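# structure here, sequence nowhere to be found:
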């Protein structure tokens, strides 16, 4: 189900915003309409599913902060619609908007926004006080939220007694205590030191696995976006130029801007075995005989084949010399034939975890699913190629799909 949807959203600041939108819709650029107003967001459309972490990423001035302020109802779109569930934020009344913020959407700010004269538990319970929740109940719920973020025992302290990372945890606990389904996080970790920032990212991932909130996370940090986001929207000059998973954006950037943006990303920490594996060329089942195995190897011009059970569960690797010996000995089945062990990787393993198994053997690394079934292989050349950023040539036709019949090397 869709938790949040933007449909052709524009936000223009200036004297004649409606005229600026009309000209933008007619094809004029951001610079060409600046006499009528400053176009901060231009024709933004996207959907955020229930339980998804949707990251909006861009440099300063790209429009991401303006966008999240419209998602929270702080600013109304100049044109287009923003739907939070069944509520249209472009037409909602001030009274309904206040109720919406209290019960359906929470905000985590970059600079904590804690009340300095209130204790930590009272800060965490503040949204519940606005909802007129009983004091005992709101302190209970706030205490649970503080425990979730690792601040149990700090309930009666003041914000001034906490470090920056701890204060940001209070901000997160406050959003969690509110019990809303949607969290909006505006550069929530950017003011933290790198080590604390990484800890907060990991904690958010752990909490998301348990709570399954719908999160819209704003950041200018590409590595943070790749680490946190189920999907990422890349913004430039007010426009969303690409939406996709980390793997999609790394492997198939929409234009030169996105390609340059992701050029320095450690691809081995983002791409998975699933994204680079190819179909194994030589595969035989345990019920086959040596003659079939040799035929498969000749057809693939390979000196080895992967041995699997009938359900594709990986058993190991057969070498050509062993199969020839079995044939000469009159063996009719491969089921009892000794095969070489090979270290497989899971289909969701990061490429960084494939290097060690690849170094152990000259054979392509087998890729298995949750049930141990062979679903693909990763030749060493494919692994090395995946580490290099793709070359984007917008004027050239799309390249032909890569050959998926990688053979086991001779």
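Received it, and whenever you're ready, just let me know what you need. None of these values were measured; they are calculated from a predicted model.

# return the set of buried residues in whichever strand or helix holds residue 317.
Assigning secondary structure by DSSP states H and E places residue 317 in strand 314-319. Residues of strand 314-319 classed as buried by neighbour count (16 or more other CB atoms under 10 Å): 314, 315, 317, 318, 319. Placement of C-beta: from N, CA and C, glycine included.

# could you do stretch 139-150 as well?
139, 140, 141, 142, 143, 145, 146, 148, 149.

# out of those, which comes closest to residue 347?
Checking these against residue 347 with CB to CB, the nearest one is residue 148 at 31.0 Å.

# is it true that that closest one touches residue 173?
Yes: in this structure, residue 148 is within contact of residue 173 by CB atoms under 8 Å, at 6.8 Å.

# residue 3: which element?
Residue 3 belongs to strand 2-13, assigned by DSSP H and E.

# out of the buried residues of stretch 139-150, list just those in helices.
Judged by DSSP state H, helices contain the following of the buried residues of stretch 139-150: 139, 140, 141, 142, 143, 145, 146, 148.

# and the third one, how close does it get to residue 177?
Distance, residue 141 to residue 177, by CB to CB, to the nearest Å: 5 Å.

# returning to what we had before: next helix or strand past the strand holding residue 3?
Per DSSP H and E, the first helix or strand lying C-terminal to strand 2-13 is helix 17-25.

# any idea of the angle that following helix forms with strand 2-13?
Using axes from the mean of the first three to the mean of the last three CA atoms, to 10 degrees, the direction of helix 17-25 lies 110 degrees away from that of strand 2-13.

# in the stretch 301-410 of the chain, what spans have low per-residue confidence?
389-410 (pLDDT under 70).

# what about the strands in it?
304-308, 314-319, 345-346, 365-368, 374-378 (DSSP state E, counting those that start in this stretch).

# can I get those in TSV with distance to residue 168?
Output for the strands of the stretch 301-410 of the chain, formatted as TSV (distance: least, CB to CB, whole Å):
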stretch	distance to residue 168
strand 304-308	49
strand 314-319	45
strand 345-346	33
strand 365-368	39
strand 374-378	39
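
# between those, which one is nearest to residue 229?
Nearest to residue 229, of the strands of the stretch 301-410 of the chain and by CB to CB, is strand 345-346 at 21.3 Å.

# mind giving me the packing neighbours of the helix-or-strand element of the chain with minimal mean pLDDT?
The helix or strand of the chain with the poorest confidence is helix 380-386; it has a mean of 83 (mean pLDDT, DSSP states H and E). Other helices and strands packing on helix 380-386, by 3 or more CB pairs under 8 Å, 6 or more residues apart in numbering; DSSP states H and E, are helix 273-276, helix 355-360.

# just these: most buried one?
helix 273-276 (a mean of 20; mean count of other CB atoms under 10 Å).

# now that helix: mean pLDDT?
For helix 273-276, the mean per-residue pLDDT is 89.

# right, and the helix or strand after that helix?
Following helix 273-276 in sequence, per DSSP H and E, is strand 283-285.

# so for the next helix or strand after that next one, mean pLDDT?
Proceeding N to C from strand 283-285, the next assigned helix or strand is helix 290-300, under DSSP H and E. What helix 290-300 shows for mean pLDDT is 90.

# buried stuff in helix 290-300?
290, 293, 294, 296, 297, 300.

# out of the residues you listed, which comes closest to residue 48?
residue 300 (44.8 Å).

# give me the neighbour count for residue 302.
21 (other CB atoms under 10 Å).

# I'd say it and residue 282 touch.
Yes: using CB under 8 Å, residue 302 is in contact with residue 282, at 4.7 Å.
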